[in-house]
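1. sequence plus the predicted model coming up.
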Amino acid sequence: MISKALIAASSKPIILAILSSSENYGYQIIQKVKSISNGSLEWSDGMLYPVLHRLEKDGYIISQWKISKEGRHRKYYKLTNMGKEELEAEKRQWISVHAALSKLWKPLPA
Amino acid sequence: MFDLKKAIKQWQKTLRKNEAFEDGYIAELESHLRDEIDNQISLGLNEEQAFDKAVLIMGQAESIGVEFYKTHTRHLSGRPPWKPPRFMPELLWNYVKVAIRKIKRHKGHSFINISGLAIGMTCCFIVFLWVKDELSFDRFHENAPEIYRVLLNPQDTDTYHPHGPGPLGPTLKSDYPEIINFARMFGDVNGPLKYNNEVFNAKVCGVSPSFFEIFTFPFVKGDWKNCLSEPHSIVLTEIMAVKLFKDEDPMGKTLGFEWWGKWHDLKVTGIIKDVPQNSHIQFDYLLPFEFVTWSGMTIEDWGAGAYKTYVLLPKNSNFKEVSEKIAGTYKKHFPESHITLHLEPLTRIHLYEFKGGGPIAYIYIFSIIGILILGIACINFMNLSTARSIERAREVGMRKVIGSTRAQLIKQFLGESILLSLISFIFALILVKSFLPHINNIVGKQLTLPYSSSPLLIFLGIAALTGIISGSYPALLLSSFRPTTVLKGQKRSGSQNISLRKLLVIGQFVVSIVLITGAIIINQQLMYMRNMDMGINKKHVINMELRGSLRNKYKIIKKELLRNPDILAISATNGSFSKIFGSDDIGWEGKPEGKRIFMYYHSVDFDYQKIFDIKMAQGRYFSQDYPTDISDGIIVNETAAKIMGMESPIGQQISCWIPFDPKRSGTIIGVVKDFHFRPLREKINPMVLVIAPGWFTDIYIRIKSENVPETLGFLEKTLKELAPDYPLEYTFLDEDIDSLYKVEQRIGNLVKYGTFLAIFLACLGLFGLASFTAEMRSKEISIRKVLGAPVSGVVLLLTKEFIKWVLIANIIALPIAYIIMNKWLQNFAYHINIGLLTFLLSTALALIIALITVSFQAFKTATSNPADSLRY
């Protein structure tokens, strides 16, 4: 289990990273999150949307309604330039945190 | 059949109820839900299961909504605008304004509420102070939870007393490791002190030095370890030291102490703080325990003694176990005795009094009465507020229309009632302050309103709680009004709550009637005891103690006093009617083997019969014509003769133990008719009368009914001449006997006050309710009058209902009163029987009071001019 606070903090880089490869809609994003984390990141599905809206409001992503092949309305999200910059910034932050933690937890060389 | 389309529509609806969801959001969520359902179906679920699962995975609408809202709001608190803010300062002022306006506009209503709550709280507070004082008894000792008193229980009796032999304490300590310390105590008894030829009566206790190790009596001067190690040392309380020595320093001074007619010189070795009033051990000064031997009493003998033994157990020990262990100690060391020992916790001594009733019963009774009276006041508040709910219905409607929630309205109304109860609280404190001296007079205590924070905080808590309780029902009711109904004016009166109000009024009157009946019965019992024929003539008999040198001069005193023709007879005795005579196992020929039968024994003089007008059943009274009467004569009462089963008791031999005259036996020369020599709580006990001059402690004097002041003057003058150093103290026997029932009189008085208050409050409530009903029905009554209804008819119409309630209350209350009072009367061996008349009296009383209260208002309405209320 991953704590609520960590899930909240990590949701932004994860979503931005997923959208960086291609535009996508909510349901798919959730499925990707589930598959890459092997289920250890447990999101309540509905909670994704307020996060997406927040990112859109902050200008990192833009959305567009489209109609799928099956005739279903879907709202697709796409990364903006600002979003790309934000993703890089997030990456740097997480990597530095990761490096610090790895140093601490790596067994000391003999 | 499950319809997916419908189910999704329904789901959308629930989302729409939440104001955070815009239509776009719901569409997005819906597409997600459909994807998930497709996914679930592909995994093998049917439509219904898939739908349920998808909804579950989606999560709770409420929390999603909150997140959506947070994303889009600019509010810092994140509280959605459709929810009212938690706190609106503007409204608070409005609430206060409305509350004060209501209090001002409805002066009568507010008066009833505030005065009622204030009186109820006053009762509660006074009871609280009293109970707190009773419960504080003996708890000021640092070791209080570990101190126990040894009680003695003679075989074949259910009496427990603390008077034991001298060796008991030391033996308990050496025999049982659980007992880590003990203290022996003799007294309290009267022991006059003399300094500079001034004599003061005072109470003395003889204690062993360990007394100060066990009990906490702080020293002002001197040292507790050594102060009583010298045989002729004395420790004074501060008040006694001031009395004796005024401004001098008492330490090291010598004073005189009189014990059984002899003066002894004592040296002051310590001064201690005055004994707190809430201590069961009371004394004015302390002597070394050994002083009792100066009069020939023994402290080494297992067979005799009247010494209290206190023991100290280790912390947290199980005293019941220890008590069982020591139970047989007395018998082990003194096989002739038939006494088992018990331990009694120090803190229970005052409350339970030898395992008997004690104040604990009254603590319960008065706590209940206090709470009930406050309850009556709360009921008044609820009744009047709900009855007047119509007046506030429009306010509630308007507030709701403007956007107030029910929770806010409840808070507002509760706040109002708490405000009222806090106003009452201030009045209650003033009332407590002004009534306490009076209450202290009745209960014989020194209760004060504490200025320390903790009891006041408790009182404040009680006040707030009162406000919440009495305000809760009106608040719930008022806040439930629907704006559409009340603003249309359909809610005509609070009449739909009539049944609850009825119940509350009946409840009030049940309490009042139980109290009325109780007060009447207590009063009847007191009258009965005062007027009962006790078998003696108690009028014009004077009692005084034989103190100091008086004891040795009894014969001279008697001779001198009898010179006055107004003094008819004088007799010495061992103890008065308010004191216990000794009692012991009595032996006679033909007594069943191994049985122990206790009888009171009473030392009297030749004139005893003449003084009390005691009648003889058989034989004769003691007479100076028979010199053997002093050494051999014994008189028994009828009960004793009956217990001994003697057909012709005269001439029979019996044996009994008498102090200073061990192993006395004698011949019965007469049988007196039974007379009461103990409080009427007890049955007439068997009694043996003997002449034992060594044991005289009191004298009784019968005087003529005329010239009483002159006779008393003569008495005073003569005694002053004979025993100049003693201030004369005397009492009248009839007053003494009355004082035996002091506790009952106090209780009677308190119940009377409680009754008065309960009735007053109930009537206040009834009055308020009646005037409201009359107001509500003023148009109806006016029309009736216009159509020709007579005043009497209208009054009847308005009072009928209330009278019915009071009658129902009677039916409920009387059995309750009967059960409670019958139980109380069982405390008395001689008591009245609760008669039908008592019940009729209290019923009539309750009815009349209620009738007067209600009809006053009814009459006012019935005689008013119908045009006034019909005009608009």
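-> The structure has been received and is ready for your questions.

2. low-confidence stretches in the chain?
-> Let's take chain A. A:1, A:107-110 (pLDDT under 70).

3. you looked at the wrong chain, it should be chain B
-> Applying pLDDT under 70 to chain B flags the ranges B:74-87, B:353-358, B:489-498, B:548-549, B:576-582, B:657-663, B:725-726, B:872.

4. residues of it that sit close to chain A?
-> B:25, B:27-29, B:31-32, B:34-36, B:57-61, B:63-64, B:67-68, B:70-72 (CB under 8 Å from any CB of the partner chain). Placement of C-beta: from N, CA and C, glycine included.

5. nearest residue to B:Q277 in space, please, no chain neighbours.
-> Setting aside the residues directly before and after it, B:Q277 is nearest to B:Q446 in space (CB to CB, 6 or more residues apart in numbering or on different chains), at 6.1 Å.

6. double-check the one you found against B:N440; I have them as touching.
-> Yes: applying CB atoms under 8 Å as the test, B:Q446 and B:N440 come out as touching, 6.0 Å apart.

7. neighbour count: these two, which is higher?
-> Higher neighbour count among B:Q446 and B:N440: B:N440, with 14 against 11, using other CB atoms under 10 Å in any protein chain shown.

8. doesn't B:L447 make contact with that one?
-> Yes: the pair B:N440 and B:L447 passes the contact test of CB under 8 Å, sitting 5.7 Å apart.

9. which positions within stretch B:841-853 qualify as buried?
-> Burial within stretch B:841-853, assessed by neighbour count using 16 or more other CB atoms under 10 Å in any protein chain shown, is assigned to B:S842, B:T843, B:L845, B:A846, B:L847, B:I849, B:A850, B:T853.

10. next up, the contacts around the last one.
-> For B:T853, the residues meeting the contact criterion (CB atoms under 8 Å, 6 or more residues apart in numbering or on different chains) are B:C763, B:L766, B:F767, B:A770.

11. can you flag which of those belong to helices?
-> In this view, the contacts of B:T853 that belong to helices under DSSP state H are B:C763, B:L766, B:F767, B:A770.

12. and the furthest pair within those?
-> Longest distance between any two of the ones in helices among the contacts of B:T853 is 9.8 Å, between B:C763 and B:A770; criterion CB to CB.

13. quick one, which of those two is more surrounded?
-> The neighbour comparison of B:C763 against B:A770 (other CB under 10 Å) goes to B:A770, with 24 against 20.

14. ok, now which ones touch the residue of the stretch 451-600 of chain B found nearest chain A?
-> Taking CB to the nearest CB, chain A has its nearest neighbour within the stretch 451-600 of chain B at B:S479, 34.3 Å off. B:S479 makes contact with B:V396, B:R406, B:L409, B:I410, B:F413, according to CB under 8 Å, 6+ apart.

15. which of those fall within helices?
-> Using DSSP H to define helices, the subset of those located there is B:V396, B:R406, B:L409, B:I410, B:F413.

16. now do B:A641 against chain A, distance only.
-> According to CB to the nearest CB, to the nearest Å, B:A641 stands 93 Å off from chain A.

17. confirm that that residue sits in a strand.
-> No: applying DSSP: H, G, I helix; E, B strand; the rest coil, one finds B:A641 to be helix, outside a strand.

18. so B:G120 is in contact with B:L372, correct?
-> No: using CB under 8 Å, B:G120 makes no contact with B:L372, being 9.1 Å away.

19. tell me which of those two has more neighbours.
-> B:G120 (31 against 22).

20. what's the helix or strand for the more buried one?
-> According to DSSP states H and E, B:G120 maps onto helix B:107-135.

21. which outside residues touch the helix ranked longest in chain A?
-> Secondary structure of chain A per DSSP H: the longest helix is helix A:81-105. Residues from elsewhere that reach helix A:81-105, judged by CB under 8 Å, 6+ apart: A:K12, A:P13, A:L16, A:A17, A:L19, A:S20, A:L55, A:G59, A:Y60, A:I61, A:L79.

22. which members of the residues you listed are the farthest-apart pair?
-> A:A17 and A:G59 (17.4 Å).

23. of the two, who's got more company?
-> A:A17 (15 against 12).

24. just checking, the more buried one is part of a helix?
-> Yes: using three-state DSSP, the assignment for A:A17 is a helix.

25. so B:I654, which state does it fall into?
-> strand.

26. swap in B:C378?
-> Under three-state DSSP, the three-state class of B:C378 is helix.

27. tell me which parts of chain A are close to chain B?
-> Counting by CB under 8 Å from any CB, chain A comes close to chain B at A:25-27, A:30, A:44-47, A:49-51, A:53-54, A:57, A:72-75.

28. now do the contacts for residue 65.
-> Picked chain A for this. By CB under 8 Å, 6+ apart, the contact set of A:W65 is A:H73, A:R74, A:K75, A:Y76.

29. please go with chain B instead
-> B:L15, B:N18, B:E19, B:A20, B:F21.

30. identify the farthest-apart pair in these.
-> Pairwise over the contacts of B:G65, using CB to CB, the maximum falls at B:L15 and B:E19, 10.4 Å.

31. who's more crowded, the two?
-> Counted by other CB under 10 Å, B:L15 and B:E19 do not tie: B:L15 has more neighbours, with 19 against 12.

32. quick check: the more buried one touching B:L33?
-> No: B:L15 is beyond contact range of B:L33, at 10.2 Å (criterion: CB under 8 Å).

33. okay, the spatially closest residue to B:V131 that is not a sequence neighbour and chain A: tell me how far apart.
-> Leaving out its chain neighbours, the residue that sits closest to B:V131 by CB to CB, 6+ apart is B:I363, at 5.3 Å. Counting by CB to the nearest CB, the separation of B:I363 from chain A is 55 Å.

34. picking up where we left off before, can you tell me the SS state at the residue nearest to B:Q277?
-> Secondary structure, three-state DSSP: B:Q446 is coil.

35. if I look at it, how far off is B:G619?
-> 52 Å (CB to CB, to the nearest Å).

36. next, count neighbours for residue 3.
-> This is for chain A. 8.

37. switch to chain B, that's the one I care about
-> 11.

38. for chain A, which segments count as strands?
-> Ranges of strands in chain A, per DSSP state E, are A:24-25, A:61-67, A:73-79.
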